[in-house]
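>>> I would like to see how this sequence folds:
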Amino acid sequence: MYCIAIDLGGTIIKIGLVKGNEILEFSSFPAIAGSLDSNLSAMEGIISRLLSKWKVPREELAGIGLAFPGMVNPKEKRVTSTNDKYDDACDIDLPSWVDRNWGTSFIIDNDARLALAGEWCMGAGKNSRNMVMMTIGTGIGTGVVLDGRIIKGTHYQAGSLGGHIVVDYRGRRCTCGNIGCVEAMASSFFLPEIIRTHPKISSEYKAKASSYDFKTLFDLMRRGEPEATLLCKDCMDVWAAAIINYIHAYDPEIVVIGGGIMRSADIILPYLKERIDRLVWAPENKVEITTSLLGDNAALLGISCTLSTIKKEKCYEQIF
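Numbers count the residues shown, from 1 in each chain. The predicted model follows:
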């Protein structure tokens, strides 16, 4: 069966035609910030073009899935909270939009949870019964498999708020309203503010804060540049603290780290492993810390896995 998978990133929207574990083709385009409705027309065009180009019969289209960067009620197929991303999404009837345009089923879930589904089904966490996925990028997201099942919770937010675990209660205010969240202390969105407010960073560096991203900083760290090294280590210490919290909370056998930041895995992974191994309380289990195998495609393939499972089980309730 085919499916259309949409990964709604904060800055880039990616849409793929997937068949099983293969992405046949995908397109991506810069998102119009703040409004989901403003992006629907472009999304419609890409989806219709992919289905037409590949001559997908309607009876072979398992459905359309959307990975959303916010809180989602997957059972009712609606967005419940957006945290300053696509603020109109809560008011858009996405199942009707899909039915009206393509006459097929629709699923929606948190983007990190769907990335977790992809890595669990066919990536770095395959065959594990307990795992955590952490995605580091514009924001920080998580998903959790516990005893062989993706956890959801009463309000479908269990395991999804790893970016909003507090690591410094005296720290920076987050976009969620809390203080000292992982995301506020070490995400791409907050990086300019992290640089500008750092007490040990020079004024010259702070003046150029908006021009730095993590790729640039890690490249500078490779060359031994001291201020970039300080900034990167501070952020990696926050990520390590978050992962230690996940290990203490969920007792996984593996933690998978994804997101564009892991293009610098040659620096990040050894640093995190050393710090986590030294500080975590896990006397009977050395938790494997590894990078995503599916990379930027994890959520797209997670949608395919989820739709395939729904078709096989013939029961939406068993999945959500």
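
>>> please report how far residue 14 lies from residue 300.
Separation of residue 14 from residue 300 (CB to CB, to the nearest Å) stands at 7 Å. C-beta coordinates here come from the backbone N, C-alpha and C atoms, glycine included.

>>> and the strands in the protein?
In the chain, the strands defined using DSSP state E lie at 2-8, 12-19, 22-30, 61-68, 71-73, 78-81, 106-110, 131-136, 140-146, 149-150, 254-258, 288-291.

>>> what helices and strands are in contact with the third one?
If you count contacts as 3 or more CB pairs under 8 Å, 6 or more residues apart in numbering; DSSP states H and E, strand 22-30 packs onto strand 12-19, helix 37-53, helix 298-313.

>>> who touches the shortest one?
This means strand 12-19. With contacts defined as CB atoms under 8 Å, 6 or more residues apart in numbering, strand 12-19 is touched by 1-7, 23-31, 39, 42-43, 46-47, 50-51, 54, 56, 296-297, 300-301, 303-304.

>>> just the buried residues out of the residues you listed, in ChimeraX syntax.
Here is the ChimeraX command that selects the buried residues among those (16 or more other CB atoms under 10 Å):
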select :2,3,4,5,6,7,23,26,27,31,39,42,43,46,47,50,51,56,296,297,300,301,303,304
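
>>> identify the residues contacting residue 117.
Here residue 117 is in contact with 143, 150, 302, 303, 305, 306 (CB under 8 Å, 6+ apart).

>>> okay, which residue is most central for this structure?
For the chain, the residue nearest the mean C-alpha position is residue 112 (3.3 Å; CA atoms, centre = their mean).

>>> which residue is the nearest non-sequential neighbour of it?
Distances taken as CB to CB, 6 or more residues apart in numbering place residue 141 nearest to residue 112, at 2.9 Å, with adjacent residues excluded.

>>> what about that neighbour, neighbour count?
The local packing count at residue 141 equals 31, with neighbours defined by other CB atoms under 10 Å.

>>> so what's it scoring on pLDDT?
Here the pLDDT value assigned to residue 141 is 95.

>>> ok, residue 317 next?
At residue 317, the model reports a pLDDT of 45.

>>> again, but for the one 3 residues further on
Among the per-residue scores, residue 320 shows a pLDDT of 44.

>>> check residue 314 too.
56.

>>> how about low-confidence regions in the stretch 201-320 of the chain?
For the stretch 201-320 of the chain, residues meeting the criterion pLDDT under 70 lie at 313-320.

>>> residue 195 reaches residue 213, doesn't it?
No. Counting by CB atoms under 8 Å, residue 195 does not reach residue 213; the two are 10.7 Å apart.

>>> more neighbours: these two, which one.
With neighbours defined as other CB under 10 Å, residue 195 and residue 213 compare such that residue 195 has more, 21 against 14.

>>> roughly how far apart are that one and residue 125?
Applying CB to CB to residue 195 and residue 125 gives a distance of 33 Å.

>>> again with residue 111
As judged by CB to CB, residue 111 and residue 125 stand 16 Å apart.

>>> which one of the contacts of residue 117 is nearest residue 201?
In terms of CB to CB, no member of the contacts of residue 117 lies closer to residue 201 than residue 143, at 33.3 Å.

>>> give me every residue that touches the closest residue to residue 299 other than its chain neighbours.
Excluding the flanking residues, the one nearest residue 299 by CB to CB, 6+ apart is residue 67, at 4.0 Å. Taking CB under 8 Å, 6+ apart, we find residue 67 in contact with 5-8, 108-111, 114-115, 299-300, 302-303.

>>> against residue 298, how distant is residue 67?
For residue 67 relative to residue 298 (CB to CB), the value is 9 Å.

>>> so what sits against both of these two?
Contact criterion CB under 8 Å, 6+ apart; residues shared by residue 67 and residue 298: 114, 115.

>>> just to revisit the earlier point, need the helices and strands packed on strand 22-30 in TSV (columns: distance to residue 221).
Conversion of these to TSV gives the following (distance: least, CB to CB, whole Å):
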stretch	distance to residue 221
strand 12-19	25
helix 37-53	35
helix 298-313	26
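
>>> so which of those is the most packed in?
helix 298-313 (a mean of 23; mean count of other CB atoms under 10 Å).

>>> for residue 158, which of the helices and strands packed on strand 22-30 is the nearest?
Among those, helix 298-313 comes nearest to residue 158, with 16.8 Å by CB to CB.

>>> how big is the angle separating the closest one from strand 254-258?
If you take axes from the mean of the first three to the mean of the last three CA atoms, to 10 degrees, helix 298-313 sits at 120 degrees to strand 254-258.
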